[in-house]
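J.: Quick one: sequence and predicted model below, then my questions.
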Amino acid sequence: MWRGLWTLVARAARGPRSPRPCTRQGSGVPVPGSGTTIFALSSGHGRCGIAVIRTSGPASGHALRSLTAPRDLPPARSACLRLLSHPRSGEPLDRALVLWFPGPQSFTGEDCAEFHVHGGPAVVSGVLQALGSVPGLRPAEAGEFTRRAFAHGKLSLTEVEGLADLIHAETEAQRRQALRQLDGELGHLCHGWAGTLTQALAHVEAYIDFGEDDNLEEGVLEQANSEVRELQLALGAHLRDARRGQRLRSGAHVVVAGPPNAGKSSLVNLLSRKPVSIVSPEPGTTRDVLETPVDLAGFPALLSDTAGLREGAGPVEQEGVRRARERLEQADLILAVLDASDLASPSSRNFLDTVVAPAGAGSPNGNSQRLLLVLNKSDLLPPGGPDPSPNLRPHLLLSCLTGEGLDGLLEALRKELAEVCGDPSTGPPLLTRARHQHHLQGCLDALGHYTQTKDLALAAEALRLARGHLARITGGGGTEEILDIIFRDFCVGK
Amino acid sequence: MFSLRNCGLWVAASLTKKRLTLARFSGDSAAPLATKFDVIVIGGGHAGTEAAAAAARCGSRTLLLTHRVDTIGQMSCNPSFGGIGKGHLMREVDALDGLCSRICDQSGVHYKVLNRRKGPAVWGLRAQIDRKLYKQNMQKEILNTPLLTVQEGAVEDLILTEPEPEYTGKCRVSGVVLADGSTVHAESVVLTTGTFLRGVIVIGLEMHPAGRLGDQPSIGLAHTLEKLGFVVGRLKTGTPPRIAKESINFSILNKQTPDNPSIPFSFISETVWIKPEDQLPCYLTHTNPKVDEIVLENLHLNSHIKETTRGPRYCPSIESKVLRFPNRLHQVWLEPEGMDSDLIYPQGLSVTLPAELQEKMITCIKGLEKAKMIQPGYGVQYDYLDPRQITPSLETHLVQRLFFAGQINGTTGYEEAAAQGVIAGINASLRVKRKPPFVVSRTEGYIGVLIDDLTTLGTNEPYRMFTSRAEFRLSLRPDNADSRLTFRGYKEVGCVSQQRYERASWMKSSLEEGISVLKSIEFSSSKWKKLIPEASISIGKSLPLRALDVLKYEEVDMKLLATAVPAPLKKYITCRELAERLKIEDWGC
């Protein structure tokens, strides 16, 4: 399977080459939809102060001239106030700011125009209708502007992903990460790796194709081997970031757990600032897992309220307990909630032993689960009294009722989530999508095969496979790149 | 002293030779010359011979048109065939019952498999070939091929008619016009004209228009092609000087001996024609700073290097090696040109300096201090047609039933030419029969890689095959070319002889039988360890191991297995090829 896919990638990447003596015979891959000009409302729908309508394609200039008076193009990339009118009826539509971006220095790489009109629905629909009446223009499909930018090489794949994330970013940290990715940082990192890998592969290929016929310099293979080893270290280190970038993009899983009636649902409602869960003094009120997305100190989180953990309740509650335990295993961060006034009860002690203690000790695979221990109902403790549990691990006192201790909890959450999601403003760019991690892991696995294989053709295959994985993130990966390096680095010939 | 007038023997010969008019050579010489054939092949080089023979094997009445019958099968450059990637192509040509592998098994003087230590997917079958023998054997083969007529003549023009509406193309070729004005009609025409299109030979500052076939015809045909709208590019290549054998001091050079036993190129050759001990050695020497100096001091006398005509990224000439990789010692292989030849071919010393300077350069190389240069090296510049103008069956998009094969498509090398020749010949024949084209995909063979690269990407340097070009290198091995192509050639096309088909079928059933036997033999790991102590089998696995599992250990081969378990396995090591293929192929679980 990978071979077929890889060929597709490789062939797509072989694309147009350096200047040729011969003219192309239409064999190049056409840019999708090029030739037509598209338009769309780029700002959000609904009544607003200003709405932005964009066009992209060869007829953009014509469209701009058709709608504006005076009918000459404004200077490139500077805003001009123009009267917009319908090209057929001549009916005035709006007085608007227009911008003219001649390609290739535009977002899509094509000729683009922008109309900044007043945001009333009638104005927007009037201008859209007017654009639709210009010959050669059609409404854009979803994502088509970005797709054209990608097709014209204005954005790389990771940058496109960053752009999509930036548009969807809801928290501060998400925005920072998306902006870094849009700036190409993740792409640059992967390009660096791909460059090293391509170089190593080219040297192995040269050794295979020319090692016996032409005299390659000594140590060609040794150099490739050491490059591969360095790459293994770099990839391994980066993958140890685990899923931080992804968590930041899609939200960390924060699971609130504890014995029945410890106040878990109250805490969830407090943190999400809305009544997500029903709260009652009766133990076992929450039976299913309830999820709510929240912004916790700038980080996106998916907060799960779970059933109180206890044995021997009815079948429905037991199912709830089973689901709670399942959710606990997937948690990026556990908020363990206990009743501060009830620490000695069997259910509290059991919870401390089975959930809290193992999380602190770390799991066998080395990924110790993060856990914050919260002692709720501090309002029930005697005021100014001693710490109720001097032998417990570090914990926070909180009263969901009075809100006392909430600031401390939020600060602790911020620190934990910064660890779980990574700080997007410092350090190396993070892997924001599962597919990044998948392909980097695939690359690393293949490099492992390379170092273990004696048959050089098989070893080279492992490197090819590794390069194919990286190419899924960076693009490229064709044979011509390899041959370019071989002929640059080695004196081989007839 | 050398001048262009008397340098290249064949250059002079082709210019002065009186053109024979319509002399005919045919297996059936009594028959009168037909004026209509199914397929006409123009050119008798490596692409032309394969194309003509393949078309005839497919059952088409075929005419091979060449300037001179005595140059059919001429190796105009290096005296060797095969190598890494190129050897792969030869096995595939052979799997389709092509000629060059069998002829090489009858004409080699030094057989050696390259890359023996790098895994069977990249083994490179290679041999030094006796030029004279190769030409003789090829001519014997061509002149005795049923349905194939050979005729001397220069093609001046193509006869074009209305296109068939169900195909693309603005016209259809229906025959050729010869230099004497006569016409020959055909259903398909294959053009394999090598470097003849506006060929120019360069030594030093002297340039002389000279395709191998002379000027007149090439201009006419080149003109026709250009008028039709074909896009033309220009390439250059070169060849080294030839040195008198007895003037070389071999005793101080590294000697390379051939393999023992010799591995034949063809699936149907049991052995090669010559014993290893009778084969000739090659010798290795190196350039030195003195060579660099001569090259660099005389660049102004070297128009081939100065010209902007696009050269390849790799370094075919000693000038480009010195310019791009200075201060290094470059290899020079001294290769025999044949059993009774007095010439040595210094591989790696392709050069276009003026002849006196070439001789001066040669004599500063170790072992060549007293070397006598018999013929200077020279450069060739020629036109090629952008191969994106042809389909994967090698038919042109513009002109129906016109096929291009070989150097005309921008490739370099005998093997690349032969591979295209077979495919063009087969498809020219299929086209006549209105059958669908025979296309080899990238997943099926190096032939597919070659043609797909050419027809989709084009090329701006002489295209040469490397194994790094093949995405499916692990499965496109020299050992299994028959299983990839012979059955297709037999069933879909009919270009494969009964004998070859039976051989391939026998191999296929023997492999299948061998595998089932290997799967049926089961012992505990400790027993295997006792039987084959050389193997790094880890003892203590509870499950029994099959012989097939043991064969997967790198250090175990069929010979070891057959010694351990002789009764059922002995018969599988009587055939070297069978034993090797059982070991190499991935038989799954």
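T.: Everything's here; your move.

J.: Buried residues in the lengthiest strand in chain A, which are they?
T.: If you go by DSSP state E, chain A has its longest strand at strand A:92-101. By neighbour count on 16 or more other CB atoms under 10 Å in any protein chain shown, the buried set for strand A:92-101 is A:93-94, A:96, A:98-101. The way it works is simple: take the backbone N, C-alpha and C, and place the C-beta from them, glycine included.

J.: Same question for stretch A:316-334.
T.: A:317, A:320-321, A:323-324, A:327-328, A:331-334.

J.: CSV for these, including secondary structure, distance to A:Arg464 and pLDDT?
T.: Converted to CSV, the buried residues of stretch A:316-334 look like this (DSSP: H, G, I helix; E, B strand; the rest coil; distance: CB to CB, whole Å; pLDDT from 0 to 100):
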residue, secondary structure, distance to A:Arg464, pLDDT
A:Glu317, helix, 55, 81
A:Gly320, helix, 50, 83
A:Val321, helix, 50, 83
A:Arg323, helix, 45, 86
A:Ala324, helix, 47, 85
A:Arg327, helix, 41, 84
A:Leu328, helix, 42, 84
A:Ala331, coil, 39, 86
A:Asp332, coil, 36, 85
A:Leu333, strand, 40, 89
A:Ile334, strand, 43, 90
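
J.: Identify the farthest-apart pair in those.
T.: Largest separation among the buried residues of stretch A:316-334 by CB to CB: A:Glu317 and A:Asp332, giving 25.9 Å.

J.: ok, back up a step: list just the nearest of the buried residues of stretch A:316-334 to B:Tyr446.
T.: Distances from B:Tyr446 to those, taken by CB to CB, are shortest for A:Asp332, at 50.9 Å.

J.: So the closest one versus A:Val255, what's the distance?
T.: 8 Å (CB to CB, to the nearest Å).

J.: Show me where the stretch 301-450 of chain A has its helices.
T.: A:315-330, A:346-351, A:357-361, A:406-421, A:434-452 (DSSP state H, counting those that start in this stretch).

J.: Would you mind telling me which of these is nearest chain B?
T.: helix A:434-452 (11.8 Å; CB to the nearest CB).

J.: In the chain, where is pLDDT below threshold?
T.: In the absence of a named chain, this looks at chain A. The model of chain A has pLDDT under 70 over residues A:1-34, A:213-215, A:217-218, A:241-243, A:360-368, A:384-390, A:424-428, A:430, A:493-494.

J.: hmm, I had chain B in mind actually
T.: For chain B (pLDDT under 70), the answer is B:1-34, B:210-218, B:306-311, B:540-541, B:589.

J.: how about 80 then?
T.: Counting by pLDDT under 80, chain B has low-confidence residues at B:1-35, B:196, B:205, B:208-220, B:303-316, B:539-542, B:588-589.

J.: Name the single longest helix found in it.
T.: As assigned by DSSP state H, the longest helix anywhere in chain B is helix B:498-520.

J.: Identify the residues contacting the residue most central in space within chain A.
T.: The geometric centre of chain A, computed from its C-alpha atoms, lies nearest to A:Thr432 (CA atoms, centre = their mean), at 3.3 Å. Residues in contact with A:Thr432 (CB atoms under 8 Å, 6 or more residues apart in numbering or on different chains) are A:161-162, A:165, A:177-178, A:181, A:186, A:245-246, A:248-249.

J.: so how far is chain B from the nearest residue to A:Ala340 once chain neighbours are set aside?
T.: Leaving out its chain neighbours, the residue that sits closest to A:Ala340 by CB to CB, 6 or more residues apart in numbering or on different chains is A:Leu375, at 3.8 Å. Using CB to the nearest CB, to the nearest Å, A:Leu375 is found at 53 Å from chain B.

J.: Contact partners for A:Leu375?
T.: With CB under 8 Å, 6+ apart, A:Leu375 has these contacts: A:338-340, A:343, A:388-389, A:392, A:395-398.

J.: now, among the residues you listed, which is nearest to A:Pro275?
T.: Closest to A:Pro275, out of all of these and judged by CB to CB, is A:Leu398, at 18.3 Å.

J.: correct me, but that closest one touches A:Leu406?
T.: Yes. Under the criterion of CB atoms under 8 Å, A:Leu398 makes contact with A:Leu406 at 6.6 Å.

J.: So these two - more neighbours on which side?
T.: A:Leu398 (25 against 16; other CB atoms under 10 Å in any protein chain shown).

J.: Skipping adjacent residues, who's closest to the more buried one in space?
T.: Leaving aside its chain neighbours, A:Leu398 sits nearest to A:Gly405 (3.9 Å; criterion: CB to CB, 6+ apart).

J.: Ok, B:Gly43 next?
T.: B:Thr192 (3.7 Å).

J.: Same question for B:Gly59.
T.: B:Gly494 (6.4 Å).

J.: Now the one you found: phi and psi?
T.: Main-chain torsions, B:Gly494, degrees, to the nearest 10: phi 80, psi 30.

J.: residue contacts, it?
T.: Contacts of B:Gly494 by CB under 8 Å, 6+ apart are B:57-59.

J.: Export the contacts of A:Thr432 to CSV and append columns for distance to B:Arg576, secondary structure and neighbour count.
T.: CSV is the format used below for those (distance: CB to CB, whole Å; DSSP: H, G, I helix; E, B strand; the rest coil; neighbours: other CB atoms under 10 Å in any protein chain shown):
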residue, distance to B:Arg576, secondary structure, neighbour count
A:Glu161, 55, helix, 22
A:Gly162, 58, helix, 27
A:Asp165, 60, helix, 21
A:Gln177, 61, helix, 29
A:Ala178, 62, helix, 23
A:Gln181, 58, helix, 29
A:Leu186, 53, helix, 28
A:Gly245, 56, helix, 25
A:Gln246, 55, helix, 21
A:Leu248, 61, helix, 28
A:Arg249, 59, helix, 27
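
J.: how far away is the residue nearest the centre of chain B from B:Gly82?
T.: Most central in chain B under CA atoms, centre = their mean is B:Glu415, positioned 1.3 Å from the mean C-alpha point. Distance of B:Glu415 to B:Gly82, given as CB to CB: 7 Å.

J.: Name the residues contacting each of the two.
T.: B:Met90.

J.: Is it possible to get JSON lines of the helices of the stretch 301-450 of chain A that adds distance to B:Glu444?
T.: Output for the helices of the stretch 301-450 of chain A, formatted as JSON lines (distance: least, CB to CB, whole Å):
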{"stretch": "helix A:315-330", "distance to B:Glu444": "47"}
{"stretch": "helix A:346-351", "distance to B:Glu444": "64"}
{"stretch": "helix A:357-361", "distance to B:Glu444": "56"}
{"stretch": "helix A:406-421", "distance to B:Glu444": "49"}
{"stretch": "helix A:434-452", "distance to B:Glu444": "25"}
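
J.: so which of the ones you listed comes closest to A:Asp295?
T.: helix A:406-421 (10.5 Å).

J.: Flag every buried residue along that closest one.
T.: The neighbour-count check on helix A:406-421 (16+ other CB under 10 Å) flags A:406, A:409, A:412-413, A:416-418, A:420-421 as buried.

J.: what does stretch B:360-380 give?
T.: B:360-362, B:365, B:367-368, B:371-380.

J.: Now the two most distant members of those residues.
T.: B:Gly367 and B:Val380 (27.8 Å).

J.: what about B:Thr224, how many neighbours?
T.: B:Thr224, neighbours per other CB under 10 Å, totals 17.

J.: Tell me the secondary structure at it.
T.: When classified by DSSP: H, G, I helix; E, B strand; the rest coil, B:Thr224 comes out as helix.

J.: I figured it was touching B:Leu158, is that so?
T.: Yes. Counting by CB under 8 Å, B:Thr224 touches B:Leu158, with 5.6 Å between them.

J.: Pull out the buried positions in the helix or strand containing B:Glu141.
T.: In this assignment (DSSP states H and E), B:Glu141 forms part of helix B:131-143. Buried residues in helix B:131-143, counting neighbours by 16+ other CB under 10 Å, are found at B:131, B:133-135, B:137-139, B:141-143.

J.: JSON lines please, covering those residues and showing distance to chain A.
T.: Output for the buried residues of helix B:131-143, formatted as JSON lines (distance: CB to the nearest CB, whole Å):
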{"residue": "B:Arg131", "distance to chain A": "17"}
{"residue": "B:Leu133", "distance to chain A": "23"}
{"residue": "B:Tyr134", "distance to chain A": "19"}
{"residue": "B:Lys135", "distance to chain A": "21"}
{"residue": "B:Asn137", "distance to chain A": "25"}
{"residue": "B:Met138", "distance to chain A": "22"}
{"residue": "B:Gln139", "distance to chain A": "26"}
{"residue": "B:Glu141", "distance to chain A": "27"}
{"residue": "B:Ile142", "distance to chain A": "27"}
{"residue": "B:Leu143", "distance to chain A": "31"}
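
J.: Fine, thanks again, bye for now.
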